[in-house]
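Visitor: How does the following fold in three dimensions:
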Amino acid sequence: MSLTTTRRTAGPLADSGVQTLTLGKALTAGLRRSMRDDDSIVLMGEDIGALGGVFRITDGLQKEFGDQRVIDTPLAESAIVGTAIGLALRGYRPVCEIQFDGFVYPAFDQIVSQLAKMRARSGGRTRLPIVIRIPVGGGIGAVEHHSESNEAYFAHTAGLRVVSCASPADGYRMIRAAIASDDPVIFYEPKRRYWDKGEVDLDAEPASLNRARVWRTGSDVTLVAHGPTVKTAIAAAEAAEEDGYSVGVVDLRTISPLDIETLRRCAESTGRMIVIHEASTFLGIGAEIAAAVTEACFYSLEAPVLRVGAYNLPYPPAKTEDEFLPDVDRVLDAIETSLEY
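Guide: Okay, here's the model as predicted:
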């Protein structure tokens, strides 16, 4: 592989304007756009070339950009991330695909001990522009090790950006922003939402990786979610509205660093907040948000910040995952509990 780091301005794109895409296809479009704009971007992962990945997110990209930029790797996650670190130090912008969330653990040492620390170790002089794409969460009836929600591990690790897209429009803009970042980014993609459709402006600029998104405002309760549970939160808010409650919904987008200012503003406006995620509530993202919001808004809160998540158990067999994961009914129960204070 020859070292090519020259940025170039892409010519007119056939895929431009506003289109209706699934989240999966929006991510594909974002990868394609970034690769056309910057020759230093390389994709790496298991079966991402001719197959296009198990979820077909890289479908067609090897044919367009060649096997030197869309690289099929051995089944060795530690080697994938370790090689990406070396490439980044040589001027590339690697984008690694981990097939399933539960497969990232062999690369945990590379990510936590090396990737997250190198920039700080160099006093900020060394850039580590690496994106690690991870399909996350349950809801697809998968076998063991294929339905993890491990975002808290990486959010706890200083030196990493941890983000999670929830819609096609955000998927397109956020993957481009993640690739353009000089920081290492853990990029979570909610696998059960890959087929959800929405309008995507293919001419839009990359999204900020520092701001949450307020999907809807409310005056009674604020629901906070990310990735796969954003759709659950919106459905719960709409159901609560039928009962006369005004419920807002915030999509974190970025798990680390947290957009505390948006969370504070929403908590102060409603006095009640509920955090929803697929991971266990024990030592999860919801616990950190509850602590941060309570510290910032103690005198504005009318009730404690509540959490709705999975139980503190290993992920169950597929036939029982609907009882394990948070759903609309459990969120509505939490809304009633909060309003009773």
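
Visitor: Residue 54 and residue 42, how far apart?
Guide: 20 Å (C-beta to C-beta, to the nearest Å). For the C-beta atoms, the positions are set from N, CA and C on the backbone; glycine is no exception.

Visitor: And those two? Which one has more around it.
Guide: residue 42 (22 against 16; other C-beta atoms under 10 Å).

Visitor: tell me the SS of the more buried one?
Guide: strand (DSSP: H, G, I helix; E, B strand; the rest coil).

Visitor: for residue 209, same thing?
Guide: Taking three-state DSSP, the label given to residue 209 is coil.

Visitor: So what does it look like in phi/psi?
Guide: phi -100, psi 20 (degrees, to the nearest 10).

Visitor: Could you check how far it is from residue 170?
Guide: For residue 209 relative to residue 170 (C-beta to C-beta), the value is 11 Å.

Visitor: tell me, what's touching these two both at once?
Guide: residue 253 (C-beta atoms under 8 Å, 6 or more residues apart in numbering).

Visitor: which stretches of the protein have low pLDDT?
Guide: 1-14 (pLDDT under 70).

Visitor: Do a quick rundown of the helices in it.
Guide: 23-37, 61-65, 77-89, 108-109, 118-121, 151-155, 168-180, 229-242, 260-270, 285-297, 321-324, 328-339 (DSSP state H).

Visitor: Most tightly packed of those helices?
Guide: Ranked by mean neighbour count, the helices of the chain are led by helix 168-180 with a mean of 25 (mean count of other C-beta atoms under 10 Å).

Visitor: So what angle separates the directions of it and helix 229-242?
Guide: 150 degrees (axes from the mean of the first three to the mean of the last three C-alpha atoms, to 10 degrees).

Visitor: begin at 33 from here
Guide: From this message on, residue numbering opens at 33, which makes the last subject helix 200-212.

Visitor: Could you tell me the angle between helix 200-212 and helix 55-69?
Guide: Using the same axes, to 10 degrees: helix 200-212 against helix 55-69 is 40 degrees.

Visitor: Restrict helix 200-212 to CA atoms and write it as PDB.
Guide: Extracted C-alpha coordinates of helix 200-212, given in PDB (Å, rounded to 0.1, in the frame of the first residue of the first chain):
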ATOM      1  CA  PRO A 200     -30.600   8.100   8.900                       C
ATOM      2  CA  ALA A 201     -29.900  11.900   8.800                       C
ATOM      3  CA  ASP A 202     -27.700  11.800  11.800                       C
ATOM      4  CA  GLY A 203     -26.000   8.600  10.700                       C
ATOM      5  CA  TYR A 204     -24.900  10.300   7.400                       C
ATOM      6  CA  ARG A 205     -23.700  13.500   9.100                       C
ATOM      7  CA  MET A 206     -22.200  11.900  12.200                       C
ATOM      8  CA  ILE A 207     -20.100   9.300  10.400                       C
ATOM      9  CA  ARG A 208     -18.500  12.000   8.300                       C
ATOM     10  CA  ALA A 209     -17.800  14.100  11.400                       C
ATOM     11  CA  ALA A 210     -16.300  11.100  13.100                       C
ATOM     12  CA  ILE A 211     -14.000  10.400  10.200                       C
ATOM     13  CA  ALA A 212     -12.900  14.100  10.000                       C
END
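
Visitor: Give me the helices and strands touching it, please.
Guide: Counting contacts by 3 or more C-beta pairs under 8 Å, 6 or more residues apart in numbering; DSSP states H and E, helix 200-212 packs against strand 50-54, helix 55-69, strand 163-168, strand 193-196, strand 217-222, strand 229-233.
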